[in-house]
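>>> Predicted model and sequence follow; I will ask about them next.
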Amino acid sequence: MHTATLVNVIALMALGLPAAARADSPGPSVIWPGTPIATPRDVPYPGTVELVIDASDVAHRVVHVHETLSGVQGDTVLLYPKWLPGTHAPEGPIDRLAGIKISAAGTPVTWTRDPVDVFAFRVHPAAGVHSIDVDFDYLSPTSSQVGALEMSRDVLMLELNEFVLYPAGYFSRQIPVDASVMVPQGWVLNTALETASTDGPRTVFKRTPLNTFVDSPIYAGRYTARIDLDPGSAVPVHIDLFCDRPELLKTTPEIVGSYRALVQQAYKLFGSHHYAHYDFLYSLSDQIQQAGLEHHQSSEDGSDPESFTKWGKTAADRDLLAHEFTHSWNGKFRRPADLWTPNYNVPMQDSLLWVYEGQTQYWGKVLAARSGLWNRQQALDDIALTAAYDALETGRQWRPLEDTTNDEIINPRRPQSWSDWQRFEDYYQESALIWLDADTLIRERSKGKRSLDDFARSFFGIDDGSFITVTYTFDDVVAALNAVEPYDWAAFLRQRLESVNNPSPLDGLRRGGYDLVYTDEPGELLASSEDQRKRVDLLYSIGIELEDKDKPGVIRQVIWNSPAYKANLTESMELLAVNGTAYSSDVLKDAINASRGTKSPIELILKNGDRFLVAYIDYHDGLRYPHLKPVHGAGKSSAPPLLDQIFSPRK
């Protein structure tokens, strides 16, 4: 028997495979990978990563990268970041790399992609080579069909994990990075990275560890403004605005005052900070993606272009910055133990996202209310919408909430046909209701002496000024809650996280002084959201949401087992007529109201691909929109309802 065959047989025996399958059996044979990729060690890398990033080609939306890696010692494995903090998933966009060339002193160096881990590149330099050069292009999406847009003619966002190949075998914090970035001439650049020098469009940054480098995105733009949110502070906090047009930069004292109050209310809540300075990198643009992503000393934020110039009509997403700011404490400084990894190619586990994201979702809403980003009614409307949509989530019949923390790994936000039946990402909104339940329970049991604020300060507010991540487990969360208010918090949480077919957790609402009710008129926040997003929200009546801008009448979502579902409607169908009249949102709403108390179905004519069909919706309860109504007797004492107290600013 040849030596190679013997090695394979021994390996198969170790796996416990039958003897017949282990050797000389017919059929395919197992091909085993080569040398294992080195496990990360917490020791200094003996060289540096030098990066020259040219992001000036916004016309083609291509970023050119030149990297020099010193400290090379023989064959080397370079890793492209795969598991990304904040997305909690293996979302490294390796498919966007092109033109990879590796050389040493101008001489080409051979490389091969690892056959098992395609994010790993095996580099084979000649003997005596200790420095290699890597060149590649990053092909940023040119349309939304390719992916979320990152570059436009006026604004760009650079997530720095996209532009680096780093040596395997080391903790990311042990790899030093020297980087410079080129942006279009005349553009302004902002980032949490420390600047060493600026020469026209080129900015050179101070040396930083790889983990800090990757955690410090860069925004740049043609039309920019900077707003000081904590004037005179030794720890500066700014909003760095990037807009499509100069007139969109206009602010008012009300806007600035609300965001300044956000900073102060966060400090009153947590009693600490964990950054030398903080930058909200905020794009008001429809040319690049509108999203939010947390970082330790900054956040990537994006909203409607007219969020400031039409402040009174754009309240729907106004908790965005409050949510991402909270993550500097909950998620970046304190992090679930199974979400912390030594580098970006060790798999993450997401089991505690109901704290990481769920409690952050709760504090984002609370801080938006306390700071004045939302008025009291808008904050109540948001909780009503959260509770009402959670009640529609039929996936709770089969899937425990805790299992939804795997959603980012299972499906990193690809479109879904039945997201409520799949119960997609319920760890965000439903967990916010669970934390409201916990907050009101602590307040009730302690007769108002303690609250979840005390948990936030004792759990996330430790080690003021420290940048060193502190991890936590389920037991740590339970212990911290018990230190605030003794109770069986383990049972409280496990019952809500691990069981199925539970009703939506609304105890916190009623304990907070409110009931969830429905009327035929949308609340202020939903009306604002419909107008801002150009949607028609009929989820709580016939069970659909429709597009109301580029493709009016196209169905975006159908709720599982809703009247629309039972009439065989699905997402992407186009609604053409209602009861014989050409579709408009008002025509459909009038038909829904007219059906109240009758026995006649609502007749719809729809287009599905190249087919036309008639559907009949058997629904007779009129328009329904969620609201919070004070519980009978709540607030009649000297103290306001608990939910009002939670939303009140801290003095």
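Cool, got the structure. Residues are numbered from 1 along each chain as shown.
>>> Using the record's domain definitions, break the protein down for me.
1-32, 39-221, 340-514, 524-625 (automatic domain parsing).
>>> The ones you listed into TSV, with extra columns for mean neighbour count and mean pLDDT?
Quick note: C-beta positions are derived from backbone N, CA and C, even for glycine. Listed next are those as TSV, based on neighbours: other CB atoms under 10 Å; pLDDT from 0 to 100:
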stretch	mean neighbour count	mean pLDDT
domain 1-32	11	45
domain 39-221	18	97
domain 340-514	19	96
domain 524-625	17	96
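>>> Compare these and report which one is nearest to Ala291.
Across those, Ala291 has its closest neighbour in domain 39-221 (7.0 Å, CB to CB).
>>> Show the end-to-end separation of that closest one, please.
Chord length of domain 39-221, first to last residue, is 40 Å (CA to CA, to the nearest Å).
>>> start at 12 instead
With the count now opening at 12, the last piece we talked about shows up as domain 50-232.
>>> ok now that domain, how far from the chain's centre?
Its chain's average C-alpha position is 22 Å from that of domain 50-232, according to CA atoms, centre = their mean, to the nearest Å.
>>> was I right about Trp374 contacting Ala333?
Yes: counting by CB atoms under 8 Å, Trp374 does reach Ala333; the two are 7.4 Å apart.
>>> can you pull the contacts of the nearest residue to Val129 once chain neighbours are set aside?
Spatially, and ignoring its direct neighbours in sequence, Val129 is nearest to Ile105 (6.9 Å; CB to CB, 6 or more residues apart in numbering). Ile105 makes contacts with 91, 93, 129-130, as judged by CB atoms under 8 Å, 6 or more residues apart in numbering.
>>> If we use 7 Å, what do you get?
Ile105 sits next to 91, 129-130 when contact means CB atoms under 7 Å, 6 or more residues apart in numbering.
>>> Let me know the closest of the residues you listed to Gln506.
Phe130 (39.3 Å).
>>> any idea how far Pro264 is from that closest one?
Distance, Phe130 to Pro264, using CB to CB, to the nearest Å: 49 Å.
>>> The longest helix along the chain: what's the following helix or strand?
Across the chain, the longest stretch assigned as helix under DSSP state H is helix 437-456. Note on helix 437-456: by DSSP states H and E, the next helix or strand toward the C-terminus is helix 463-471.
>>> how about the domains of the chain, which one is nearest Leu259?
domain 50-232 (10.3 Å).
>>> Run through who's touching the host helix or strand of Trp122.
Here Trp122, judged by DSSP H and E, is contained in strand 121-124. Residues external to strand 121-124 that are found in contact with it (CB under 7 Å, 6+ apart): 113, 132-135.
>>> Return the subset of those lying in strands.
Secondary structure from DSSP state E places 113, 132-135 of these in strands.
>>> quick one: which of those is nearest to Tyr551?
Among the ones in strands among the contacts of strand 121-124, Phe132 lies closest to Tyr551 (CB to CB), at 51.2 Å.
>>> ok, that closest one to Phe147 distance?
For Phe132 relative to Phe147 (CB to CB), the value is 10 Å.
>>> How about the secondary structure of Gly633?
coil (DSSP: H, G, I helix; E, B strand; the rest coil).
>>> Surely it and Thr530 touch.
No: applying CB atoms under 7 Å, one finds Gly633 not in contact with Thr530, separated by 9.6 Å.
>>> In contact with Thr352, which residues are there?
Per CB under 7 Å, 6+ apart, neighbours of Thr352: 94, 359.
>>> Return the distance of the strand or helix carrying Gly375 from the chain's centre.
According to DSSP H and E, Gly375 maps onto helix 369-382. Distance of helix 369-382 from its chain centroid, counting by CA atoms, centre = their mean, is 15 Å.
>>> Please name every helix or strand in contact with it.
helix 264-281, helix 331-337, helix 387-403, helix 437-456, helix 653-658 (3 or more CB pairs under 7 Å, 6 or more residues apart in numbering; DSSP states H and E).
>>> Just the element for Val215, please.
Counting by DSSP H and E, Val215 is found in strand 213-216.
>>> how about the CA coordinates for that strand, as PDB?
What follows is strand 213-216, C-alpha atoms only, in PDB (Å, rounded to 0.1, in the frame of the first residue of the first chain):
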ATOM      1  CA  ARG A 213      -4.700  61.500   0.800                       C
ATOM      2  CA  THR A 214      -5.000  60.800   4.500                       C
ATOM      3  CA  VAL A 215      -2.400  58.900   6.500                       C
ATOM      4  CA  PHE A 216      -3.500  57.300   9.800                       C
END
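>>> measure the closest residue to Arg233 other than its chain neighbours to Gln275 for me?
Closest residue to Arg233 apart from its sequence neighbours, by CB to CB, 6+ apart: Asp165 at 4.5 Å. To Gln275, Asp165 is 32 Å away according to CB to CB.
>>> Next: Arg213.
Counting by CB to CB, the gap from Arg213 to Gln275 is 37 Å.
>>> contacts for the particular helix or strand that has Ala502 in it?
If you go by DSSP H and E, Ala502 is part of helix 500-509. Applying CB under 7 Å, 6+ apart, the contact partners of helix 500-509 are 365, 411-413, 445, 489, 492-493, 516.
>>> Give me the subset of these that lies in helices.
365, 445, 489, 492-493.
>>> could I get the contacts of strand 121-124 as CSV with distance to Ser191?
Formatted as CSV, the contacts of strand 121-124 follow (distance: CB to CB, whole Å):
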residue, distance to Ser191
Ile113, 20
Phe132, 23
Arg133, 28
Val134, 23
His135, 28
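>>> Could you point out which of these is nearest to Thr50?
With CB to CB as the yardstick, the closest approach to Thr50 among those comes from Arg133, at 16.1 Å.
>>> mind checking how far Asn493 is from Ser469?
On the measure of CB to CB, Asn493 and Ser469 end up 11 Å apart.
>>> neighbouring strands for the following helix or strand past the strand holding Val215, and are they parallel or not?
Per DSSP H and E, the first helix or strand lying C-terminal to strand 213-216 is strand 219-220. The strands beside strand 219-220 in its sheet (DSSP bridges) come out as strand 187-193 (antiparallel).
>>> after the strand it pairs with comes which helix or strand?
strand 199-202.
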